[in-house]
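Enquirer: sequence and predicted model, in that order:
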Amino acid sequence: MNIVMFGPPGAGKGTQSENLVKDFNLFKVSAGDLLREEAKNNSSLGTKIKNIIDRGLLVSDDIIDDLIEKTLCNKNYFNKLIFDGYPRNLNQAKHLDLLIKKYNQRISCVLSLKIEKDIIIKRILGRIICSKCKLTFNEYFYPPTKENHKCNLKFLTKRSDDNKQTVENRLETYTKKTSQVLNYYQNQKLLYEIDGMSDISNIYKEIRQIIHSLET
Ligand code: AMP
């Protein structure tokens with residue numbers, strides 16, 4: 001099954017996707033990670049992408065659409081992808097439908113994590129990522145400990161766009177562009193709304209129930 005993980009920045013899409021990857025033998029494709037990888041290149045495209053990410057705006061559709069297609073067409077991931085952070089506007093949602101058709105696959109569900117703005121801001125500003133194992137922690141809600149994290153502390157980092165000004169821009173972008181995608185999927189009867197405010201394990205329990213209900 002292919003799953004679209006949906007929600008505002010900081011909703012926990014990445015964390016819940018990682019849980020699904022482990023339990024359901026799936027692969028996560030994070031649009032943000034793909035773009036951050038591109039941004040590391042010292043090319044003019046890399047610099048352009050970094051600039052847009054740091055301003056909290058959306059990178060142009062053709063850039064991200066191409067990166068997504070490169071993953072989607074890989075036979076190893078056939079019908080086994082979790083899309084995290086894609087699609088983020090209506091054109092991308094329509095483009096994903098074209099790609100899904102082109103490669104003879106299907107979207108099984110869209111999981112939308114709902115969360116209030118003040119919690120989003122705290123989650124984003126407290127976010128810590130391990131650059132080695134890629135796990136995400138939070139200095140307020142879920143700090144890294146010896147039990148939940150095995151890598152050296154030197155790998156713990158913060159994203160350059162996880163600051164107060166950029167967060168405001170990212171939330172505005174979400175409200176203006178990304179939230180329209182919800183109706184699109186609701187009309188296709190693919191949308192499942194989940195309370196993203198409870199703790200990680202409870203949210204995941206709900207997600208697992210949805211996935212199991214789709215499998216039977
Ligand atoms: P994320 O890691 O999902 O929080 O994304 C970080 C940033 O990458 C966003 O604020 C955008 O600047 C850019 N980005 C991520 N996904 C997309 C997308 N689907 N379309 C355009 N830009 C994106």
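Expert: Structure's in. What do you need?

Enquirer: longest single strand anywhere in this protein?
Expert: Ranked by residue count, the top strand of the chain under DSSP state E comes out as strand 107-114.

Enquirer: say whether the ligand is contacted by it.
Expert: No: Strand 107-114 stays clear of the ligand (C-beta under 6 Å from any ligand atom), getting no nearer than 12.5 Å. Just so you know, the C-beta spots here come from the backbone N, C-alpha and C atoms, and that holds for glycine as well.

Enquirer: mind telling me what element the residue lying closest to Leu156 once chain neighbours are set aside is part of?
Expert: Nearest residue to Leu156, sequence neighbours excluded (C-beta to C-beta, 6 or more residues apart in numbering): Ile128, at 5.2 Å. When elements are assigned from DSSP states H and E, Ile128 belongs to strand 127-130.

Enquirer: and that strand, does that touch the ligand?
Expert: No: under the criterion of C-beta under 6 Å from any ligand atom, the ligand is not reached by strand 127-130; the shortest gap measures 9.6 Å.

Enquirer: roughly how far is that strand from the heart of the chain?
Expert: Centroid displacement of strand 127-130 relative to its chain, using C-alpha atoms, centre = their mean, to the nearest Å, is 15 Å.

Enquirer: and it, what does it pack against?
Expert: strand 136-138, strand 156-157 (3 or more C-beta pairs under 8 Å, 6 or more residues apart in numbering; DSSP states H and E).

Enquirer: contacting residues around the last one?
Expert: Residues lying outside strand 156-157 but in contact with it, judged by C-beta atoms under 8 Å, 6 or more residues apart in numbering, are 128-131, 137, 144.

Enquirer: can you select the buried ones from the residues you listed in PyMOL?
Expert: Buried subset of the contacts of strand 156-157, written as a PyMOL selection, criterion 16 or more other C-beta atoms under 10 Å:
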select buried, resi 128+129+130+137+144
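
Enquirer: of all the contacts of strand 156-157, which comes closest to the ligand?
Expert: Relative to the ligand, the closest of these is Ile129; by C-beta to the nearest ligand atom it sits at 10.0 Å.

Enquirer: nearest residue to the residue nearest to the spatial centre of the chain in space, please, no chain neighbours.
Expert: Central residue of the chain (C-alpha atoms, centre = their mean): Asp84, 2.7 Å from the mean position. Leaving aside its sequence neighbours, Asp84 sits nearest to Ser30 (C-beta to C-beta, 6+ apart; 4.3 Å).
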